[in-house]
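Engineer: Task: produce atomic coordinates for the following.
(4 chains)
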Number of protein chains: 4
Amino acid sequence: MEEIREECGVFGIFDLDSSLDVARMTRFALYGLQHRGQESCGIAVGSGNSILSHRDTGLVAEVFNESILESLKGRQAIGHVRYSGAGRRGNAQPLVVNYRDGMIAIAHNGNLVNYKSLREELAGEGGTFIAGSDTELILQFLCRQLVKLPPDEAVARMMSQIRGSYAAVALLPNALIGFRDPYGIRPLCLGKMNNAYLLSSESCVFDILGAEFVRDVAPGEIIIIDKNGLCSLQAFHEEKTALCVFEFVYFARPDSYIDGVSVHKARMQAGRQLAQEYPVEADLVIGAPDSALSAAKGYSRESGIPYGHGLIRNRYVGRTFIQPTQEMRDAAVRLKFSALSAEIAGKRLVMVDDSIVRGTTTRLIVQMLKRAGAKEVHLRISSPPVKHPCFYGIDTATSAQLVASRLSQKEIREMIGADSLGYLSHKGLLQIPQNINCGLCDACFTGNYIVPPEQ
Amino acid sequence: MEEIREECGVFGIFDLDSSLDVARMTRFALYGLQHRGQESCGIAVGSGNSILSHRDTGLVAEVFNESILESLKGRQAIGHVRYSGAGRRGNAQPLVVNYRDGMIAIAHNGNLVNYKSLREELAGEGGTFIAGSDTELILQFLCRQLVKLPPDEAVARMMSQIRGSYAAVALLPNALIGFRDPYGIRPLCLGKMNNAYLLSSESCVFDILGAEFVRDVAPGEIIIIDKNGLCSLQAFHEEKTALCVFEFVYFARPDSYIDGVSVHKARMQAGRQLAQEYPVEADLVIGAPDSALSAAKGYSRESGIPYGHGLIRNRYVGRTFIQPTQEMRDAAVRLKFSALSAEIAGKRLVMVDDSIVRGTTTRLIVQMLKRAGAKEVHLRISSPPVKHPCFYGIDTATSAQLVASRLSQKEIREMIGADSLGYLSHKGLLQIPQNINCGLCDACFTGNYIVPPEQ
Amino acid sequence: MEEIREECGVFGIFDLDSSLDVARMTRFALYGLQHRGQESCGIAVGSGNSILSHRDTGLVAEVFNESILESLKGRQAIGHVRYSGAGRRGNAQPLVVNYRDGMIAIAHNGNLVNYKSLREELAGEGGTFIAGSDTELILQFLCRQLVKLPPDEAVARMMSQIRGSYAAVALLPNALIGFRDPYGIRPLCLGKMNNAYLLSSESCVFDILGAEFVRDVAPGEIIIIDKNGLCSLQAFHEEKTALCVFEFVYFARPDSYIDGVSVHKARMQAGRQLAQEYPVEADLVIGAPDSALSAAKGYSRESGIPYGHGLIRNRYVGRTFIQPTQEMRDAAVRLKFSALSAEIAGKRLVMVDDSIVRGTTTRLIVQMLKRAGAKEVHLRISSPPVKHPCFYGIDTATSAQLVASRLSQKEIREMIGADSLGYLSHKGLLQIPQNINCGLCDACFTGNYIVPPEQ
Amino acid sequence: MEEIREECGVFGIFDLDSSLDVARMTRFALYGLQHRGQESCGIAVGSGNSILSHRDTGLVAEVFNESILESLKGRQAIGHVRYSGAGRRGNAQPLVVNYRDGMIAIAHNGNLVNYKSLREELAGEGGTFIAGSDTELILQFLCRQLVKLPPDEAVARMMSQIRGSYAAVALLPNALIGFRDPYGIRPLCLGKMNNAYLLSSESCVFDILGAEFVRDVAPGEIIIIDKNGLCSLQAFHEEKTALCVFEFVYFARPDSYIDGVSVHKARMQAGRQLAQEYPVEADLVIGAPDSALSAAKGYSRESGIPYGHGLIRNRYVGRTFIQPTQEMRDAAVRLKFSALSAEIAGKRLVMVDDSIVRGTTTRLIVQMLKRAGAKEVHLRISSPPVKHPCFYGIDTATSAQLVASRLSQKEIREMIGADSLGYLSHKGLLQIPQNINCGLCDACFTGNYIVPPEQ
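Structural biologist: Predicted coordinates:
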């Protein structure tokens, strides 16, 4: 229930027939990716060497209206949703600049670990930066190659210079490019609709658009779509790959498939596994809305304890706002989540949540359930304790803020006020995305970073 | 899943201690009532004979920001959320005007059936109207009495002149007033928090604010709160009362209690009843989000068929927007609701919805479920067929648009493409809100109007 | 140079051919009347019983854009510019309301002196007011008559109830009405263009539009324009009439003609008269821009002293804004007016201004001229000392703020730092608008109020 | 009266005492420079290596409000006003970017003639551009030197790479820089106030701020102001300098002094010279407001023909807007300029204007004067015919649009409908700015370009 913040969702489309309204489709796609970033969003549309774009702070529904969409005509488009907190580098994407051959736009999900030395390299020569974000560095390194090499080789060369996580889409004057980092830390997949190719952070977007899911973009793969169709270059072949496991735990929509695995099924399986690892006698299983509902369903099915809605999420409450008094802060949590007393009063509850980061919201929710009449609240977490910061684009928290890096499981249970607490085991976690065609990054649980961060 | 539109939700607060931030609390309350109206909203704050107000088109989250809230200081406040479609009379509320003794504000949920003759009476004398809404007429009739009578008698006198449904709150220079029509068609309840009294369309608001639910305002009751505390005048005693049954079917939040009955329990009970009336052999029960989830749960428990999430509602999609092409219109439905294929593929589904108005969205959803792999879709509606228009403030549709007034149940099933279709019986419906301390208005199912409309 | 604030300028048009773009023409007209009010403006356009309108705070250039104008289509229109300071009743006009026969709009220049008793009469019956401005009272009294009498008689009857200054235009469902108070305190004139009739506060508007000036509307006259053409009713015949003499001194544009007299010529004549009454030996005559340029020219011609531009007005500086420090306040005056040192250095100046209200700006200007090198500054004022407040719509100041009601002419000269000071005599003033077909109100100089204010 | 468009006005301030409100002072300065650009404006404020900025389309009065000014705190600031028509490269300035040592901002007036090769040099290496304006190129070339050289040498080195006109100010992390191109085509001057140094396109700004004019920045001079005070580097010593003569003819404010010459006196002198070259028998001399008033005064004094105001400029009409019909277009000119018939009727007029570019507006004005009763209109232009485009930042028009490059003087007179037409001779023009300490660029009259444009 706590807001774990990921940097972005990306989308791209190139319509060889020039018959689709690519801006409107991109807006639909961004609605479908909105859960990946609610702070700002943008769309860039291209045709030839000119690119039109619009981006702003706010939700897709706030940023785009009919007259803006009407003004964005073209054959290819990219879009972006992002979270960008205070102190973060950068602004709404796509980032659009001019270079030798016209305009170029990029939208990126991920985080570079060699940001500092990349920036120093450019700055040392007198380079200038709009904001100096990771995305801008990628773009500047890319343009330096594009004036020397064909697009696919230019991207490959640029990818050999940057290190970290990235799933990105870019509009070149006459092409759409997509590329995924060599370890595949962030997801990216390919779709098709009529004579158009689509790239998206998640496959759920294709269902919304009525497009066909083709396949995942492979770690280290570069996709170039132009008027001649699609080309792929497998630029890197790392032995070990490492898709962020938090996509299954929390980020992705349940109706998405990532690297061959249904997010919903993975979560159901996590819930089942959790029921085996941490059984409890209870009357009702409830899930923290909306991310833990699948896991709760799995726990219910495995345990045989009935599943119910004990918590309702107010869908009109968006980004959390700062409240001036404690009274207001408590009301803000009650505003977002309501306990359904008619359902839970007098019952022993299993409450399934996906993770505990700081623990403060969880404590308020447990209190709320008890005030609404729950006799017992058994907390079950469908992932292991988060103990390590993420360097690949997830804004969990610093180590000091992570409750699991400070407190023992017993202390956490006491702090939260639950009657019992069980985390999914690490072993259990890794078994969950069955038959996945990619390795998993579990650094936030283990501290094993596949791409070591700079000092 | 279709949008049935109700006119409004209202809220009021009078803090005898002047220690609460009544504007901020009203904003929280409006978030909690947002499901009752998403087109416009407003807050009026008073203290002495001056009233400050802000209202606009948009969601609560869009209309109010910190600096606006900072500017709204006072001891008492009222708030309003509303739906106001094209061609509807009126604008965002609260309506604020000046009269003899200072400023006065009103917010109203409901609809007058003698609107025409009331307006003619005032207009015939040369009266002027800002917009000529029901609410403005109530206010003008009220002010005509307030210059002659004390507030409670003035309201009672005004109530004897108007006919229809209304649950309203008003700010007088030194008082907060609430009143509910003699039949209690629209709900209104009373809460308390520290030394403040609260009035709200629904009780869920009190939970959000951390306030205590005191009781429902009775049909025909007038509540006056001023510095001396609360006074009540039971101005009308109709033998028959008639709370809108659609509050239980669709409008109200499941965590609200209305006239003594839990909305969630009433819906669960409707689902159970439906399972008895229309059983079917199936693998999974799913509910149309979010209004039919409780009923679906009831169906599942009664029938023993497992409950699951087959449809996901995108919570970032707000008001539906007009799409230029059929392709876009279809995408817009897929954007709002996603079928979870991993959950439903290969299964025989019972899909529970609360009502069918026009039937077009329902048909698209059934198609979506089948495309996602559902083997069968058995549609169960937790209320009887809606055949008659509502004159008390619910914008269902004209008779001609109501599918159930044109087609037989069989024809509806074919149009929608469901494998079977079952509506809750009228008898079943009336048994649902058990131990309710009020009668029910079921005119939309039966055509029996407790307050006959003007010709 | 000080800002004397008048309430308004009004304009109306009724095009019998329905061929003109009346909204665009009204916008042009408001640009031409903008000097009469810079705080807010609005346009209402009608056709049948519906009226579309737009009004807001700001200059005409800020309030109206193309898409707003596009949305304002009709056969008749009225417009309004106004100044509305803090503490003033009311908002942007035209005021638009609904009454028995449809919508009605009104725009008004002037001030009622029996406002209080008029309001009490309506409020005592329980009447409600949007803002309770003079204009709203006129409108409410008018509607009470319109439901009983034909338009011309209704206006006449309403005019017998209100007392004060007014030049107003109103849109009825099928007519445009104009009326001027029985004493003619505020100006109003009639124009024609193709088959359209126009009403305007000033004739300069007709030149802008390419329309023909027909005549002034007489004091106490009511003009009704509908599809049958123009009707006039001379409802009142006061023996004495009293056009505000400040129209000639300050308000009106020099290219306007009011009640038969050229504003420019009247000002030139004032300057000539002043040169006879207060001659001085000097090298250059300059005028305070822009209102005193004609008078300065007159002084120059009569005296033979060369005329020059010693002060430049920055035309990008609009409404004066509050400055936080004295340094900034001084800069704000220098921002608005610049002394042209190349023109005035080493010279003995006659500076002609139209009036002195508070005297503070005048003192700063005299300082500025001296700093820029002027050897002497002889101040000449083209009107007598303003000693009495205006009750007819001019916001000069309270008596206490009027420097001439506190200080002698000698003290004023010292305070201002001028080398000599001469005011136009009262006798001189009255001779200025030669051959005027109306009396003059000089209450601000004499205290003789033609319509006595209420206690 | 036609709008000749110049690119910009610039201003900078560095307060060694950190006691002035540099943002507010910059806003005042921009009001004083607003005549040099009305399309967009901006302010950047710095302190250490961080820069805060705000810029937008619109007038200074529209773009800056109190809360924006409150947010711009610092020790040094630069500001910019600009005209930027359709098809022009670039956006509102100051341009702010990040570079190695922090943030850097620049504001620039002028135009580079080797833009294309400069851009190609950067683009060929893969460089990226926000908009690719001249200003951005200057900034990128500057940053490349700043990482290698101290600021003054870095600017000098950059100036050796770029060619064209420029008067620019830049904020470095701890310094304010100003520099003027080697020929001094665009003006720049230095002021002082308390312990702060100021740079401005025009000296009138210092009068507004109460600052002291120190001297003009010399062509090719670089000024660096930091906590240690002011340093100057005379980086270039061209034998011939070439200040744009149009500054005296049209652009600059009459109260400014440029390179030692009063703009007002130069214009007066042009009018006198014109009266000698083209005398005529007439009754009244009038000037086109506001730019030709000084020249008209000069003509009047030399000829002895009385000076008067025959044309009034509406100061509420800002940027010209496109009108849909010819009727509206004519009204738009009448809206901007009004003929004062009371002054000119029956008279033979000399109308002095500063230049004729396209001739269309001039023709309408001559018509307007005749309709207002002028017996004759003798047009006198206080500069020679404009026959050549400007490559240094003035948007006169293309050669084809310049009426003087297509038509003979006689044809122009006929087209415009004047009774006679006289242009100031080229020889006369060059004598006007007496004792100027700089050469003059007269390329628009002669085609002699001091910095040859690229092919």
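Engineer: Residue of the stretch 151-300 of chain A nearest chain C, please.
Structural biologist: Using Cβ to the nearest Cβ, the closest approach of the stretch 151-300 of chain A to chain C is made by residue A:171 at 30.4 Å. Just so you know, the C-beta spots here come from the backbone N, C-alpha and C atoms, and that holds for glycine as well.
Engineer: and if you look at chain A?
Structural biologist: residue A:67 (9.5 Å).
Engineer: beta partners for residue A:230?
Structural biologist: residue A:225 (DSSP bridges).
Engineer: That one against residue A:195, yeah?
Structural biologist: No - with contact defined as Cβ atoms under 8 Å, residue A:230 does not count as touching residue A:195 (11.1 Å).
Engineer: the more surrounded of the two?
Structural biologist: It is residue A:230, of residue A:230 and residue A:195, that has more neighbours when counted by other Cβ atoms under 10 Å in any protein chain shown, with 16 against 13.
Engineer: What parts of the stretch 251-400 of chain A come near chain B?
Structural biologist: A:253-255, A:262-265, A:290, A:293-294, A:297, A:301, A:306-309, A:312-318, A:321, A:324-325, A:327-328, A:330-332, A:334-335, A:338-343 (Cβ under 8 Å from any Cβ of the partner chain).
Engineer: Buried among those residues? Need that as a selection in ChimeraX.
Structural biologist: Selecting only the buried entries of these in ChimeraX, with 16 or more other Cβ atoms under 10 Å in any protein chain shown as the criterion:
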select /A:253,254,255,262,263,264,265,290,293,294,297,301,306,307,308,309,312,313,314,315,316,317,318,327,328,330,331,332,334,335,338,339,340,341,342,343
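Engineer: just the residues of the stretch 251-400 of chain A next to chain B that are near chain D?
Structural biologist: Near chain D, by the rule Cβ under 8 Å from any Cβ, you find none of those.
Engineer: In helices only, show me the residues of the stretch 251-400 of chain A next to chain B.
Structural biologist: A:263-265, A:293-294, A:297, A:301, A:327-328, A:330-332, A:334-335, A:341-343 (DSSP state H).
Engineer: And residue A:261, what's its pLDDT?
Structural biologist: On pLDDT, residue A:261 comes in at 96.
Engineer: With the one 10 residues further on instead?
Structural biologist: Model confidence at residue A:271, expressed as pLDDT, equals 97.
Engineer: if I look at it, how far off is chain B?
Structural biologist: 12 Å (Cβ to the nearest Cβ, to the nearest Å).
Engineer: Ok, residue A:14 next?
Structural biologist: 18 Å.
Engineer: Surely that residue and residue A:176 touch.
Structural biologist: Yes - with contact defined as Cβ under 8 Å, residue A:14 reaches residue A:176; the gap is 3.9 Å.
Engineer: between the two, who's got more neighbours?
Structural biologist: residue A:14 (31 against 28).
Engineer: And what about the more buried one, helix, strand or coil?
Structural biologist: strand (DSSP: H, G, I helix; E, B strand; the rest coil).
Engineer: can you pull the contacts of it?
Structural biologist: Counting by Cβ atoms under 8 Å, 6 or more residues apart in numbering or on different chains, residue A:14 touches A:75-76, A:175-176, A:196-197, A:225-226.
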